[in-house]
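K.L.:
Fold the following and give me the result.
(one chain, ligands or ions: 1)
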Amino acid sequence: MTRVNTVLGTISASELGFVAIHEHIGYGMPGCELDSKWWKTPEQRYEETVPKLRQFHENTKPWGAATFVEATGICNGRDIDYYKSLSDKTGVHIVASTGFVGGDTALPFFERASVEYLTDHFIHEIEVGIGGTGAKAGIIKVGVSRGFKMKELDLRIYRAAARASRITGAPIFTHLAVDSAPALNIFAEERLPCHRVLFGHADDGVSQGLINEKALLDAGARIGFDTFGYDLELPDPPFWGRHRQERLHHFLRFLRSGLTKQVLASADANCSPLGWPGVKGHTVNYLFEQLIPDLHAEGIDDSVIDQLFVHNAAEFLTLTPISHH
Ligand SMILES: [Zn+2]
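P.N.:
Predicted coordinates:
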C-alpha cells in the first residue's frame, strides 16, 4: 500500500483527494507565544480556523476528500494535538511537518545540533511520532534563512533532511527556491533524487530573478507555485506579494511547456496566524475561488487540475524509502 502520514494516522495516497500542498494552520516566529499582545485563546483559534477548514472540505467535495499539508516547522508554532482535533472535527486530512522553516527560525537549542542528531530527530518524528502525540510527521521542512543566502545551519538541516528522506521516504519542502546551488549539491552528495524535493515559493514577488529555474528543472526537482493569492491587488498586500496575472502567466508557462508533472500549487495561507496579523482575506480557499476559475478561463482543463492537485501531490507525499537504517 502507498503510505502517507497524517496526524490521525497513516493512510493510503489514494485517500488524499484534493491536496493543498503547502498551507498553515498557524505560523509564527519562535517566541511569539510569549508576547501577551498576540495571545489568542483556544476558542479564538478554533473560531478563526474551523470555518476555513469546513469550507475547504466543502470545496473539495468533487474530489472526494480533502488534504491540508501543514508546512510549519518544529519551532514556528507547530501544535500537533490541535491539528488532530481540527482534523477530527472537520474531516480534513492534515499532514504535519518535521524539520525547520530555516536555520534562522530554529531555536537556539538546535543551533549546534549535528547533522546526525538532526537526522535522527527527523526520522523519529516520521517513524515513531512527534513528542507524545502519537502523530507522525509526513514531510520534512527546510529553508533558506533571511538574506536569500544559505547559512551554515541551513546547510546542516538540508543534509539531515536528505538523509532522513532517504530512510523514511518522506518528501522535502523548501522555504524559498533561491540560492539552490548548495541545496542541489547536498542532494546529489546524499544521493537523494530531486523529485523528492519541492522547491517552494518559486512564484513569490520577492524571489523573481533570483531563482535558477533551469537548474532546478534539469535536476528533476519539483517547483512550488505555492503562494497563490498573495496578490498585490489585495487591500494590504504583504512584501512578498505579486500581481495576480503575472503569477498566473508564470504558472501557465510551465503548464503549457509540458512541465505539469513537475509543479505543485498552493496558497500558503494561515488559518489563524500567530504573532502577526496575517494577510486579510487570504485563505486556502483562494484555490477554488480564484485560481481554478482563472485556469479554466485560460483553457486549462480538469484533467490538468486533477494532475496538479491529486496525482502530483499523492505521488510526492507517498513515503518512498530509498535506503535502510
Ligand atoms: Zn509556508
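K.L.:
all helices of the protein, in order?
P.N.:
Here the chain has its helices, by DSSP state H, at 42-59, 80-90, 108-111, 115-127, 152-168, 180-189, 213-218, 244-256, 286, 292-297, 302-306, 313-317.
K.L.:
Figure out how far the fourth one is from the centre of its chain.
P.N.:
Okay, so that is helix 115-127. Relative to the centre of its chain, helix 115-127 is centred 19 Å away, using Cα atoms, centre = their mean, to the nearest Å.
K.L.:
Which secondary structure elements does that helix sit against?
P.N.:
Helix 115-127 is packed against strand 97-99, helix 152-168, with contacts defined by 3 or more Cβ pairs under 8 Å, 6 or more residues apart in numbering; DSSP states H and E. All C-beta atoms are positioned from the backbone trio N, CA, C, and that covers glycine.
K.L.:
Please apply the same query to the longest one.
P.N.:
The contact analysis (3+ Cβ pairs under 8 Å, 6+ apart) places helix 42-59 against strand 66-70, helix 80-90.
K.L.:
Pick the most buried one from the ones you listed.
P.N.:
With neighbours taken as mean count of other Cβ atoms under 10 Å, these reach their highest mean count in strand 66-70, at a mean of 29.
K.L.:
then that strand to CSV, C-alphas only?
P.N.:
The C-alpha coordinates for strand 66-70 follow below in CSV (Å, rounded to 0.1, in the frame of the first residue of the first chain):
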residue,chain,number,x,y,z
ALA,A,66,-9.5,17.0,1.4
THR,A,67,-5.9,17.1,2.5
PHE,A,68,-4.2,20.1,4.0
VAL,A,69,-0.4,19.9,4.3
GLU,A,70,0.7,21.9,7.3
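K.L.:
before we move on, back to that, could you export the helices of the chain as TSV, including distance to the ion and mean pLDDT?
P.N.:
Formatted as TSV, the helices of the chain follow (distance: least, Cβ to the ion, whole Å; pLDDT from 0 to 100):
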stretch	distance to the ion	mean pLDDT
helix 42-59	15	97
helix 80-90	15	98
helix 108-111	19	95
helix 115-127	18	98
helix 152-168	16	98
helix 180-189	17	98
helix 213-218	18	98
helix 244-256	16	98
helix 286	14	98
helix 292-297	20	98
helix 302-306	22	98
helix 313-317	16	98
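K.L.:
Now distance to Val263 too, for those helices, in TSV please.
P.N.:
Formatted as TSV, the helices of the chain follow (distance: least, Cβ to Cβ, whole Å):
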stretch	distance to Val263
helix 42-59	21
helix 80-90	26
helix 108-111	31
helix 115-127	25
helix 152-168	20
helix 180-189	15
helix 213-218	10
helix 244-256	5
helix 286	17
helix 292-297	12
helix 302-306	10
helix 313-317	11
